[in-house]
Structures are given as C-alpha cells and as structure tokens.
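> Got a sequence here, can you build the structure:
(4 chains)
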Protein chains: 4
Amino acid sequence: MISIRESNIICKKKPTLKNPICVVGLPGIGHIGRISVDYMIHELKAEKFAELYSPNFFPFVVVHDDKIHTLRNEFFYYKSKKKGGRDLIFLIGDCQSFVPTGHYEVCGKILDFLKSLNCKEVVTIGGFATGKIVENPGVYGVVMEDKQAKALTKYGVSLDVGGKITTIIGASGLLIGLAKPLGMSGFCLLGETSGYPIVTDPHASEAVLKVLMKVLGVKFELKNLKDKVDHMYGFIKKLQNVQTQAMEKMQPKGDEDLKYIG
Amino acid sequence: MISIRESNIICKKKPTLKNPICVVGLPGIGHIGRISVDYMIHELKAEKFAELYSPNFFPFVVVHDDKIHTLRNEFFYYKSKKKGGRDLIFLIGDCQSFVPTGHYEVCGKILDFLKSLNCKEVVTIGGFATGKIVENPGVYGVVMEDKQAKALTKYGVSLDVGGKITTIIGASGLLIGLAKPLGMSGFCLLGETSGYPIVTDPHASEAVLKVLMKVLGVKFELKNLKDKVDHMYGFIKKLQNVQTQAMEKMQPKGDEDLKYIG
Amino acid sequence: MISIRESNIICKKKPTLKNPICVVGLPGIGHIGRISVDYMIHELKAEKFAELYSPNFFPFVVVHDDKIHTLRNEFFYYKSKKKGGRDLIFLIGDCQSFVPTGHYEVCGKILDFLKSLNCKEVVTIGGFATGKIVENPGVYGVVMEDKQAKALTKYGVSLDVGGKITTIIGASGLLIGLAKPLGMSGFCLLGETSGYPIVTDPHASEAVLKVLMKVLGVKFELKNLKDKVDHMYGFIKKLQNVQTQAMEKMQPKGDEDLKYIG
Amino acid sequence: MISIRESNIICKKKPTLKNPICVVGLPGIGHIGRISVDYMIHELKAEKFAELYSPNFFPFVVVHDDKIHTLRNEFFYYKSKKKGGRDLIFLIGDCQSFVPTGHYEVCGKILDFLKSLNCKEVVTIGGFATGKIVENPGVYGVVMEDKQAKALTKYGVSLDVGGKITTIIGASGLLIGLAKPLGMSGFCLLGETSGYPIVTDPHASEAVLKVLMKVLGVKFELKNLKDKVDHMYGFIKKLQNVQTQAMEKMQPKGDEDLKYIG
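Below you'll find the model as predicted:
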C-alpha cells in the first residue's frame, strides 16, 4: 500500500554506504543544481536505488516523447574507489513542493531516509543570481557552522554572501536548516549566474563541479558537460514551462515573483 | 467510523474478479470519459459495489429533483461472459478533487483499492481539445510503455500527441502516472473534441467506445448512446455549473483558465 | 492530550438517549438555524454536554464583554417527557469551517459522535433567501428520501425547491449528505427570508420553530422569541463581522460572494 | 525520526518545575512580546531546554551573518529563587504559523508540551495599537475569568478593552483560548503602542516588563533594555522583512492588511 497523503520513498535496494555525503540538485535558477548533480551521476555511473513521489508535487503528469512521465525525485549512490573515501548519495528531481507548506514534509522525508542510510551530511547545490554576466562565475557557500566555512574557503568558495542573500527558499535551504535538529549537518553551494531568463547555465555548473570534485574527493572529466546539458535541455525546459504555467494558474496573484534560490 | 480527513471507499460487497482492468470516466472536456463509461455500465448492466466520498470534493451537496445528492465516485463491476476473458471494473464520478493537492490522495486511495481487487491495469478516458470540428473524431492514446503503444496502434489509436499535449492534469493523468510505482500499469485514451463550450460530446464518446470494445474485448450496441446522453445532460450540466461557480468563488483568480484534460 | 490537527469533541458527560434526533443550528443566512435552536435549548432547558473545537475554525479568539471567547460548537440534550417520545440533541455554534476543505472533517467528527450517541437522524436548519419580504414566511424542506418528503408535507413544509436551490454549502448540506453513507438519515429545513443584510430574522425563525414542534413532537412557548433574539443580537453581529472581515482578508478575491445557505 | 507534517518540539532536557507559569513572546505589533520575554530570559539567565520546528512556518531558512538560521520557537526555564515561588517557562520565537490553518496545530503542540511540564497557566504578551503616541503607555489585559481580572487590576492593568479589540489573532489569542478546554488557564497582556511602522517598541516593552515583575513575582534591572533592543533590532527587522515579503508573495491579495495583534 502506498500512502499518497505523504511523500513516499520507494526504495528498491537499500545500499550499505560508508560515511556517505548527499549531494542535492533540485530545480532552481539556471538549473545549476540539477545539471551538476545529473552530470556527476552520469560521469561516475552512480546507481539509482530509490524514488520519491509526493502529493506536494504538481497534480499532473508530463507527456514527453509521447509517453507519460510522473514527477519524482530520484536517489543514486556511488561507492568510493579510494581507500577510506566517503561514499556518495545523489538526489535529483523534476520538481520541488508546489505548495509552500509542503517543503517541510518533503524535506523531512528525505532527511529521515538519508539518516537511515547513515548519511550525516547534506550539500545542496543552487544558483545565486547576481544580475551580471561574468566570465569566471564564482561559487558561494552558506554554512551552519564555522568549521564548515573554514573548509570551504580552502577550496576557493566565497563565504561572503552577507546582505545579498537573506533567505534560501525551499528544499535547498530547508534540507540544511532541518539537518541540525536531526543531528545532521550541511551547507549550500551556489553557483554565480546572471539570473532567470536562462533555462540552463552550464558555465556556472562547471564552476560548481570543479569545487565539488575537491569537496567530495572525486575525479571526473568535464569535457562532456556541454553535450549532456544540450541533451537535457528539452526536458528541463518543458518541466519548467509546465510548472511555471501551473503556478500562475493555481497559485494566487503575485506568486510568479516568488523566485527560488535553489 | 468514517474518517473524513481522507477519502473513504465504502464497499458493500467486494467481488472476486479475474484479471480485471479498470476503466475510468471522470468529469473533463466534453464529459467524454463520464459518458462513455456510464454508457458501458448501462449497456453491460454492470453492478455497483462501492462508493468513494472525499474531503477533497466540493464542500456542498447538490439539490437535484428536489433531493439531496452527495458528490461521489462510484465503482461497478462486470464479469466477462467469454471463457478466459478479463473482468471489468468501471469508475465514474461527479467530480474530481477541487483542491490541487487532493488529486494524489484520491488517486492513491483508488489505486490501493483496485490493487486489493487484483486489478493491475487502469485505462482513463478523457477528451483532447483540438479546437476544430471534425466529422470523424480520432482517438489518441498516451502510454507509459512501448508495448502498450503497439497494442493500441492495432486498434486505430493515434499515439502521436507530441507537442500538442504537455500535461494531463488530475486523476486521468495521476491514476496512470502513479500506477507504475505501485506495480500496476495503465494508459490514457482521449477522444478528439472541438473544445470547451460543449457540455457533452456524444460524437467523440462514440469514437472512444468503438475503440474500447476492441481493447476490452466486449460487445454492446451503440444505438442507445444519443438517448442516454440526452438523459444525462441535465444532471451533468448542473454539476458542471455548480462546480465552475464554486471554483471561481473559492479559488484564486486565474483558476478559471485551468482547463482539465481528463 | 488534545490533537489540534483534527476537530476535538470534548464530552464532559455522555448521556444515554432514546432514539435521539439531532437538530443543528449553525451560522447562516438570517441566522435562522442558530436562533431557532438556541431558543429551543433555552425554552426546553436542554443541558450542555459537549463542545467541539476545530483547527478549521478561524485562527483567532473573540473578545466580548472584555473576555476571551474561543470559537466553538456546542452539544445539548433534552430528554423527552412523553412516554415513548424521542430524546433530542441540539447542536449550535459560533462558526463553520472557514476553509472549504475543512467542512468534511468537521461534519465527519460530528456524525461519528452522534452515531456513538445512538443518533440516526439529523435535521439541519437554515435560511432560504428568496429576495422578497413576505408576511408569512414559508418553510422549505430538502430531503434524501421520498418517505421523508411525505412526512414533511403533512406539517406544511414545501418540498418544491427545484431550480431555486442548486447547492447547500457547508455543514447544513454535508451533515445530511454524509449521513447516508454512515447509515444515518436526515433532512434540511429552510426558513424563507428576504436575504443577506438582515443579521437575524426572528420572523423566519418563528415559522421554522412552529414546524419543528410538530416534527419533533415537543411543545414550548414562542412569546419569548423576540426578547431572546434581542439578547443574542450583539454577540451574533460581532461574530458575523469578525468572520466576514477575516474571510475578506484571508481568502482569495471573490470569496465574499460565497453566500452560505445554512 | 522527525515528523515534518506536524510541529516538532525537540526537548534536550525536560526540567522539573514547581507550579510553573509560561510567558509567551512571539512576533507581533512593535515586537513587544518578543522583546519583553527575550529581555527577561537575558536578565534572569533562563536556560534553554527545547526548540519547536513547524511545517507551518515559512518554507525558507534565513541567512544572517553569513550563516543559515532555521526558523523556530524556543523554550527556556527559570527556577524561582524565592521559597514557595513559582518557576517560569519562557517561549520566544522567530515567527508564528504563516498559514491561517496552522495556528491551532502549533498552539496545540505548545499547550500539550506545557501540560507535560505541569504548567497550568499561560500569559501571552502582545501589543495594542491605539494609533496615538503616548508618554506613559498603558498595559491592557484580556482574561478568560473574572478572578484573573481582579488580580490584574491590582497591578495597574486596564481591563477595559471593550469595543477597541474584537479579536486576538494567532498564537497570542489561541494559546489562551485553547488553554481552557485543556484544563489550563491564561490571559493576555498588551502594551499600548502607536502602531505598525515601528519595528520594535522598547517603551511599551518596559511598561509590560514592570507589570510582569509584579505578576510573576520576580525582580530584574530594566536599565539594559535599550541596549538589548538595539542589539536585537537588526535580526528582528530582517525576520520581519522576509516574512512580510513572503506573505505578500505567497498569500492571496489583501493579506498584507491582516495585522496581527500578538
């Protein structure tokens, strides 16, 4: 039996993981999180092991390539090849909660599930819209504790977001913010991007991926990124369009201004 | 005790069914699903065995013929007369969830109930508004798997909806989309119709019924369809009017544009 | 422990009742239900035995006579003085669910509670706004079954509402409509009233009370009605004002048009 | 496991308290409650023992001083130094429920938790916007029972709010209003303040603190209040700004007029 009043994580095969860290790439500005994490999954040949369906997602299915696609989030794992290395969990998704009150429920389910996999650290990937086009986009970090800040600074991450970012909306913020009361920890990595009209920003994603290699202690080629983004573009654009349209129709006036950082 | 925080399926008599397939006709464009399935129930003398009430339906009762009518969905069954034939479950209803977040809950209850009846396949019937009036309306199929596509093509169903349909909103989409994570399968049949102003489209319903006879392996007369539609017209129109009015009053601006395909 | 995610019925003393019928007077047009039932409680000296609090009520307390008043519904009982007579349960309240989706939850709790008191019949009292001022307001009945219609006709109740009433919104409709799937029955009595600007309509309430005496087989004086209505006027008007204001502020545009019949 | 469908109180260490009274300071007009209670916590060196997280809070985290801050309410306790004196529980918070229907859920959790700490009395602190600037702001009380009124009058609290206050919205009202059905009691203290544009009103807070010393039977210096308010100003202003913006974006038109007294 499936309960459709709550988010359901359907786990085909629960892997045994060593000190895993979860990297989260959900839809947001420039789809930097989604692209980065999808690319890592592809390059590292990470294995899918669970899916999350939620009544807080949009109440429709998407028709793509003449087939029905059910909105979902997906979990993958990757076992470290290095001795003593940390295993990785990846979480990507088609969407976040479309009702404001649903974010806590979805994030609570995800964190409980991660905890059951012995995962104690979460990194969410998002975009930081600075409004200007830059050649070498920076990567910003928002942390919960000082020691995380120190570690990130070593990898060239800027911790100076003061004043420019006041809130992180949705799962990218709450997965970190709720990790603490659950005895977990986490931080948020944001790739610098010009802003909204761009559907996918591979440039910012590349900057984030370079940092993630250092943070996670993994190596992969970056040369296939452009091809991968081109391949994903059609589906991501469709998802964004139908969700934006649905938000405008189903949500009260003014909601189109609710820009997600995430 | 009845829980009115969740949808309730009140089942008077649970039938024993052989490999049943469920055909769903809920309100939507041209009421093609509702009319087609109602007609099959009538012609095949299918027997009612359960009713679904939901807190996600509109918070009112309808007064019709000076009596109170409670909004509900209804389940019927039909035992195949052919040796080795599949039994049928029919689901029709006055309404779908009127809150966007309720569709998952209602569909989850329905799928759990169908599973408990050994039903592993669901067909939802809807309309596809092409905006033009045609003499011989086509029937379109949207599937989850390639093998379903092949089977439908044999029956003259067009699988080429690409670009024209991007989402299927509500139960007609979610019943199919959520069937998969539950280990079930399904597809959606859409009758071609001109669009919204028409309350009931018997023409498109007839086209769908012809396909359904082949898909389900049943036979019935089509000659009574016009009479049956005439008979249903008053009640369906009242239901549509009160629900449209309620949506306009209870839901945020812009929602009147939320056209259901289903 | 109190669960404030669901409506709570706090019952101090569960009475043993003989074949009781429940008479419901919740806020609505002209407050005919509230006034009529309150008056009967007063005249028959019915005893309070339970209170219902609900998270679906408005999220505020009312300040009246410099004291805090918590929004609630209240249950009273009256034991028949006649041999073989039916006992009575009265339900009055400050408000109904202020969110559309809450009506089912509140009504479900009420019906489950009534069932636990061996109550199998519910009468809801409301107003029917005909838009004209009449000297002798009529009383209309909306039923679920033909035999109820026959009984009411004997008492001068008109069953001919066809076309004039298409829906009964909120508890006055749903308590009847949901009674049936629970194995209970009920009907709705509506006093003819001119319409909305009037806060309280004692004239229509008197007409309803005369019918109720016959339906319920009880007798009481009607001469104190005007005094009682004058006494209740201030509090009812305050409740109506704060709820109307809150609806306008908390609910989407257009909701002020959502006129309750009940 | 944490349930994020309901408010969670994470209690590190449950203190044993003597006849405790709980003083609540949540966001509201002039932040009088928050400031007063925060100041008492500081002066009395009260100890934090629990945190409340809620899915009914805003679905974002706040970035302050380059770190992530999760929205929460916090419980502190203070053991009386006087023989036979009452212990104190303090409750402060970043926010209240941002959805109207969430207030009951949050308040229910708080009251259940207080009851488990043997607490039977709750005082909520808020502001009363009179629209005029006064030199010596008054303190108003709204009670549930006459005996509370008598006690407060002795301390210079005015009970005469009649006509000026018709509702108390949110937790400041519901914590008192729901205390009664739970077998608890409480009252509300409101500091007179000019109205909305002021973020923090230390003047009114001081008036309230003077009354609270008498009501609670504790003593502390008031000379550090201005410094403390200056210190809190930046964070409180940020919280208010992001919440006001979120309300405007996420809630239907007109909601910006929903002024909280609390």
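
> ok, A:Gly141 touching A:Asp160?
No: look at A:Gly141 against A:Asp160 with CB atoms under 8 Å: they stay out of range, at 9.6 Å. C-beta coordinates here come from the backbone N, C-alpha and C atoms, glycine included.

> More neighbours: the two, which one.
Neighbours were counted for A:Gly141 and for A:Asp160 using other CB atoms under 10 Å in any protein chain shown; A:Gly141 has more, 23 against 10.

> Give me the pLDDT for the more buried one.
Per-residue pLDDT puts A:Gly141 at 96.

> Give me the contacts around the helix or strand hosting it.
A:Gly141 belongs to strand A:139-143 when assigned by DSSP states H and E. Residues external to strand A:139-143 that are found in contact with it (CB atoms under 8 Å, 6 or more residues apart in numbering or on different chains): A:128, A:148-149, A:152, A:156-161, A:165, A:168, A:176, A:187-192, A:207-208, A:210-211, D:63, D:66-68.

> what's the next helix or strand after it in contact with?
Reading on from strand A:139-143 to the C-terminus, the next helix or strand found by DSSP H and E is helix A:146-154. Contacting residues not belonging to helix A:146-154 are listed as A:141, A:143, A:159, A:185, A:187, A:215, D:66 [CB under 8 Å, 6+ apart].

> which of the residues in helix A:146-154 are buried?
Residues A:148-149, A:152 are the ones in helix A:146-154 that count as buried (16 or more other CB atoms under 10 Å in any protein chain shown).

> sorry, back to before: so how far is the strand holding A:Gly141 off the chain centroid?
14 Å (CA atoms, centre = their mean, to the nearest Å).

> One more: stretch A:11-26?
Taking CA atoms, centre = their mean, one finds the center of stretch A:11-26 at 14 Å from the center of the full chain.

> what's the answer for stretch A:36-49, then?
The chain centre lies 13 Å from the centre of stretch A:36-49; the measure is CA atoms, centre = their mean.

> can you give me the helices for chain A?
Secondary structure of chain A by DSSP state H: the helices cover A:32-44, A:102-116, A:146-154, A:171-177, A:202-216, A:225-250.

> and the last one, what does it pack onto?
In other words, helix A:225-250. If you count contacts as 3 or more CB pairs under 8 Å, 6 or more residues apart in numbering or on different chains; DSSP states H and E, helix A:225-250 packs onto helix A:32-44, strand A:60-64, helix A:202-216.

> Pick the most deeply packed of those.
helix A:32-44 (a mean of 25; mean count of other CB atoms under 10 Å in any protein chain shown).

> Find the residue ranges of chain A scoring beneath the pLDDT cut-off.
Applying pLDDT under 70 to chain A picks out residues A:1-4, A:162, A:196-197, A:250-262.

> which of the residues in stretch A:192-199 are buried?
A:192-195, A:198-199.

> Using CSV, write out every CA atom in stretch A:126-146.
What follows is stretch A:126-146, C-alpha atoms only, in CSV (Å, rounded to 0.1, in the frame of the first residue of the first chain):
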residue,chain,number,x,y,z
GLY,A,126,21.8,26.0,-6.2
GLY,A,127,22.3,29.2,-8.2
PHE,A,128,23.0,32.8,-6.9
ALA,A,129,21.6,35.4,-9.4
THR,A,130,23.9,38.4,-9.3
GLY,A,131,22.3,40.0,-12.3
LYS,A,132,25.6,40.5,-14.2
ILE,A,133,27.3,38.3,-16.8
VAL,A,134,30.7,37.2,-15.6
GLU,A,135,33.5,35.2,-17.4
ASN,A,136,34.6,33.2,-14.4
PRO,A,137,31.5,32.7,-12.2
GLY,A,138,32.2,32.4,-8.5
VAL,A,139,30.9,29.7,-6.2
TYR,A,140,29.4,30.9,-2.9
GLY,A,141,28.8,28.8,0.3
VAL,A,142,26.3,29.3,3.0
VAL,A,143,27.0,27.2,6.1
MET,A,144,25.6,26.4,9.5
GLU,A,145,28.8,26.2,11.4
ASP,A,146,32.2,28.0,11.4
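
> got the buried residues for that stretch?
A:126-130, A:137-144.

> Stretch A:156-168 now?
Within stretch A:156-168, the residues that count as buried by 16+ other CB under 10 Å are A:157, A:159, A:161, A:165-168.

> what's the span of that stretch, first residue to last?
In terms of CA to CA, to the nearest Å, the two terminal residues of stretch A:156-168 are separated by 21 Å.

> next one: it to chain centre, how far?
18 Å.

> Now do it: everything it contacts.
Identification of contacts with stretch A:156-168 by CB under 8 Å, 6+ apart yields A:126, A:128, A:130, A:138-143, A:149, A:152-153, A:173, A:176, A:188-190, A:211, A:261-262, D:60-63, D:65-66, D:68, D:238, D:241-242, D:246.

> how close does A:Val122 get to chain B?
24 Å (CB to the nearest CB, to the nearest Å).

> for that residue, which residues make a bridge with it?
As for beta bridges, A:Val122 partners with A:Cys22, A:Gly186 under DSSP bridges.

> how much space between it and A:Asn56?
According to CB to CB, to the nearest Å, A:Val122 and A:Asn56 sit 19 Å apart.

> Next: A:Val208.
Distance, A:Val208 to A:Asn56, by CB to CB: 27 Å.

> go on, A:Met40?
In terms of CB to CB, A:Met40 sits 26 Å off from A:Asn56.

> can you check A:Asn136 too?
Noted for A:Asn136: a distance of 37 Å to A:Asn56, by CB to CB.

> so what's A:Lys109 up against?
A:6-7, A:9, A:52, A:54, D:4.

> got those as JSON lines, with distance to A:Arg34 and neighbour count columns?
Below are these laid out as JSON lines (distance: CB to CB, whole Å; neighbours: other CB atoms under 10 Å in any protein chain shown):
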{"residue": "A:Glu6", "distance to A:Arg34": "24", "neighbour count": "20"}
{"residue": "A:Ser7", "distance to A:Arg34": "19", "neighbour count": "25"}
{"residue": "A:Ile9", "distance to A:Arg34": "19", "neighbour count": "17"}
{"residue": "A:Leu52", "distance to A:Arg34": "15", "neighbour count": "22"}
{"residue": "A:Ser54", "distance to A:Arg34": "17", "neighbour count": "25"}
{"residue": "D:Ile4", "distance to A:Arg34": "23", "neighbour count": "26"}
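
> And those residues, which is closest to B:Leu117?
A:Glu6 (23.8 Å; CB to CB).

> Verify the contact between the closest one and D:Arg5 for me.
Yes: at 6.5 Å, A:Glu6 counts as touching D:Arg5 under the criterion of CB under 8 Å.

> overlap in contacts of these two?
What both A:Glu6 and D:Arg5 touch, as defined by CB under 8 Å, 6+ apart, is the set A:Glu105.

> I'd say A:His103 and A:Phe57 touch.
No: if you go by CB under 8 Å, A:His103 and A:Phe57 don't touch, sitting 11.5 Å apart.

> what do these two both touch?
A:Ser97.

> how near is the residue in chain A positioned nearest to chain D to D:Arg5?
The nearest approach of chain A to chain D comes at A:Gly108, 2.5 Å away (CB to the nearest CB). In this view, A:Gly108 and D:Arg5 are 7 Å apart by CB to CB.

> So for those two, which residues contact both of them?
D:Pro55.

> Looking at the two, which one has more neighbours?
The neighbour count for A:Gly108 versus D:Arg5, taken as other CB under 10 Å, is higher for A:Gly108 (25 against 17).

> Please verify my assumption that the more buried one contacts A:Leu178.
Yes: if you go by CB under 8 Å, A:Gly108 and A:Leu178 touch, sitting 6.8 Å apart.

> For A:Met213, list the residues it contacts.
A:Met213 touches A:219-220, counting by CB under 8 Å, 6+ apart.

> Relative to A:Val122, how far out is it?
18 Å.

> can you check A:His31 too?
As for A:His31, its distance to A:Val122 is 19 Å (criterion: CB to CB).

> Could you tell me how far stretch A:163-181 lies from the centre of the chain?
Taking the mean of its C-alpha atoms, stretch A:163-181 sits 12 Å from the chain's own mean (CA atoms, centre = their mean).
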